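Q: Give me a model of this one.
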Amino acid sequence: MKKGLNKNDRRYAYTHGVIKDAMLELLHQISFNEVTVSSLCRQAQVGRATFYTHYDNLTEVIEELVEDAIKATDRSSAKSIDGMRELARYLSTDHGFREMESKILLLPICQLVADNPRYNVLFRDSTLSEYILTMIYRQEKDYQIAELKKYGLTEKEADMLFTYMLSGSFAVNKALGWKKDEDWMRVQRIILNFVCGGMDALEDVTRGRIN
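A: Purely as a prediction, here's the structure:
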């Protein structure tokens, strides 16, 4: 937030809301690298001076939108490795895709954020992928690294493993168009069983290292 602005002021919240709504509307029509301050101002029906009073550049608008998307996501179960194990067990049964809705909170964080209809357009814009991935990593790394260190990993090892898991999940879902259907479910079954099997093996290795 720029200095001198009161985030709790109604006019601040309204103007930011209008600009962010306009950005999302534009992204349904063009990619982010085609958006200009002028086109965003036209869409939001605000002047350039108003835009620059609130933001330094277009990237700051995206940053706020991604932060909003993460805050709007219920991540109570998604943060846990045990949650991944539970979902893997569930997917290994004969449950259908529609029945999986009750377990949706066990999905990796990038999938949960992308599920929000308001923010899904951000994930479908390939020009934003690296930026969004970096932001999710920064938001989640402290918790995830702490969880992975419980398996006997060092800080750096846990960081590298989390990076691998997050990037892989993001890449696969991006390749599937961020859609959840029967094909997606089959792929998730394979990936989660692979990851959970790897975590079991890792636990054996690190236990041997500790002993």
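
Q: Confirm for me that Leu176 is in contact with Val187.
A: Yes - assessed by Cβ atoms under 8 Å, Leu176 is found in contact with Val187 at 6.8 Å. In this view, the C-beta of every residue, glycine as well, is placed from N, C-alpha and C.

Q: For Phe51, give me its contacts.
A: Ile19, Val37, Leu40, Cys41, Ala44 (Cβ atoms under 8 Å, 6 or more residues apart in numbering).

Q: most surrounded residue in these?
A: Ile19 (23 neighbours; other Cβ atoms under 10 Å).

Q: leaving aside the residues next to it on the chain, what's closest to that residue?
A: In this structure, Ile19 finds its nearest non-sequential neighbour in Ala44, 5.0 Å apart by Cβ to Cβ, 6 or more residues apart in numbering.

Q: The one you found contacts Gly17, doesn't it?
A: No - counting by Cβ under 8 Å, Ala44 does not reach Gly17; the two are 9.7 Å apart.

Q: So which bits of the lengthiest helix in the chain are buried?
A: Secondary structure assigned by DSSP state H gives helix 182-210 as the longest helix of the chain. By 16 or more other Cβ atoms under 10 Å, the buried positions in helix 182-210 come out as Trp184, Gln188, Arg189, Ile191, Leu192, Val195, Cys196, Met199, Leu202, Thr206.

Q: I'd guessed Leu58 sits against Val37; true?
A: Yes - between Leu58 and Val37 a contact is recorded at 6.5 Å, counting by Cβ under 8 Å.

Q: Please report phi then psi for Ser31.
A: Backbone torsions for Ser31, taken as degrees, to the nearest 10, come to phi -80, psi 160.

Q: check contacts around it.
A: Contacts for Ser31 were tallied using Cβ under 8 Å, 6+ apart; they are Asp125, Ser126, Thr127.

Q: contacting residues around the last one?
A: This means Thr127. Taking Cβ under 8 Å, 6+ apart as the test, what Thr127 contacts is Ser31, Phe32, Asn33.

Q: Output stretch 145-155 as CSV, nothing but the C-alphas.
A: Provided in CSV are the C-alpha atoms of stretch 145-155 (Å, rounded to 0.1, in the frame of the first residue of the first chain):
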residue,chain,number,x,y,z
ILE,A,145,9.0,-26.7,5.4
ALA,A,146,8.2,-27.2,9.1
GLU,A,147,5.9,-30.1,8.2
LEU,A,148,8.5,-31.8,6.0
LYS,A,149,11.3,-31.3,8.6
LYS,A,150,9.3,-33.7,10.7
TYR,A,151,10.5,-36.4,8.4
GLY,A,152,14.1,-35.8,9.4
LEU,A,153,15.0,-33.4,6.6
THR,A,154,17.2,-30.4,6.9
GLU,A,155,15.8,-26.9,6.3
